[in-house]
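Colleague: got a sequence here, can you build the structure:
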Amino acid sequence: MNRIEQYGWTDNHLPQISAPGQPGRILLEHKHLYRVVTNDGEWLCSVSGKYRHGRTREEFPAVGDWVMAEQMPGEERGIIHAVLPRKSQFSRKIAGETTEIQLIVVNVDYVFLVMSLNHDFSLRRLERYLLAAWDSGANPVVVLTKKDQCPDPTPYIQEVETVAFGVPVHTVSSITGEGIASLQELLSAGKTGALLGSSGVGKSSLINALSGNEAMAVQDIRTDDSKGRHTTTHRELILLPDGGLLIDTPGMREFQLWDSSGGVSAGFSDIENLAEMCRFRNCGHTNEPGCAIQEALTDGTLSLDRYLSYVKLQRELAHLERKNDAAAQKAERNKWKQITKDNRKRPVKKR
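Modeller: Prediction:
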């Protein structure tokens, strides 16, 4: 088997190639340099000047990407000329006020949404991860870690099932090994998964359990509030002994949505189905007669926390859409200003 086939390469990628070099997959990213595995070895690569010009943040390479790379003569370094089309892309809005996208992982088959069975457990955070997961093109899987510290995980599982409709839920322990085999079965040869969650949920310990060795450094969590310390500081794609692939990611303190309008319908199908049952099509779900949502809130079939989370996320997405429109308009104006400025600088040809 060729080296890149071990990392998930298939002939389905061949029609997408229209750039010089040879195919490779990005294993690691660090300060705009990329560790790329190819059939001729691993190279430390940068993007070509031609590719860099005029590209958006979203178009730059990310861990998990398939790229076309060319080795520099006599060196273990290379140049990336192109990024091949992605089959999945999990992203968020970059932290802060800036309206920019941040790619978390790309080209994964499974997104493992990891929470621990302690103070870290949060349905509201899980809802956000699920929305992005539904929009990513990958299959979401909920993983509840540290089962050895939880006498009865059943209440946690039941809570997850109220928001993660049809999503598999696995309870695991990296200490005892319970539940690890079921995750290994998902990551068959060539399949790629990514671990996403906050700090201290046990992602690095989970990778060590799945790989059968101490592939990742592990730190303890604070006992008073179960908050974790950052262990993983970068994204890295790891080849597992059974042939599967796994991407570890740094813990995220906050998760702001980028564009998950489609994911809302999947993640909050219960609320949207209720809205269709309202007497009036333009129901505001406040004090209108025949409001199915208010009736569900009253009789307890819909929790107030979940409904408020839905409203908050809708407002957040609407606000983001307005900011994106404004940013796009500004970028377009700046582009034409620059074109006009450049044209004025050009010498006039004499006839």
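
Colleague: could you give the separation of stretch 7-27 from the chain centroid?
Modeller: How far stretch 7-27 lies from its chain's middle: 22 Å, per Cα atoms, centre = their mean, to the nearest Å.

Colleague: endpoints of that stretch, how far apart?
Modeller: Separation of the first and last residues of stretch 7-27 by Cα to Cα, to the nearest Å is 9 Å.

Colleague: quick one: contacts of it?
Modeller: Contact with stretch 7-27 is made by 2, 4, 34-40, 42-43, 45, 61-71, 78-82, 84-85, 107, 190-192, 236-237, 239, 245, as judged by Cβ atoms under 8 Å, 6 or more residues apart in numbering. Backbone N, C-alpha and C define where each C-beta goes, glycine included.

Colleague: out of those residues, which sit inside helices?
Modeller: Among the contacts of stretch 7-27, the members falling in helices are I4 (criterion: DSSP state H).

Colleague: would you map the helices across the protein?
Modeller: Residue ranges of the helices in the chain, as given by DSSP H, are 3-6, 49-52, 123-136, 154-161, 180-186, 203-211, 261-267, 269-276, 292-299, 304-345.

Colleague: returning to that earlier point: return the subset of the contacts of stretch 7-27 lying in strands.
Modeller: Within the contacts of stretch 7-27, membership in strands is found for 34-38, 42-43, 45, 66-71, 78-82, 192, 236-237, 239, 245, as judged by DSSP state E.

Colleague: which among those residues count as buried?
Modeller: Among those, those buried by neighbour count (16 or more other Cβ atoms under 10 Å) are 34-38, 43, 45, 66-71, 78-82, 192, 236-237, 239, 245.

Colleague: pLDDT weak spots in the stretch 201-350 of the chain?
Modeller: With pLDDT under 70 as the threshold, the stretch 201-350 of the chain has low-confidence stretches at 214-233, 251-266, 319-350.

Colleague: kindly recompute the last result at 80.
Modeller: Judged by pLDDT under 80, the stretch 201-350 of the chain has its weakly predicted residues at 213-235, 250-267, 309, 312-350.

Colleague: ok, now the stretch 1-150 of the chain?
Modeller: In the prediction, the stretch 1-150 of the chain carries residues with pLDDT under 80 at positions 1-2, 11-19, 31, 54, 91-102, 119-120.
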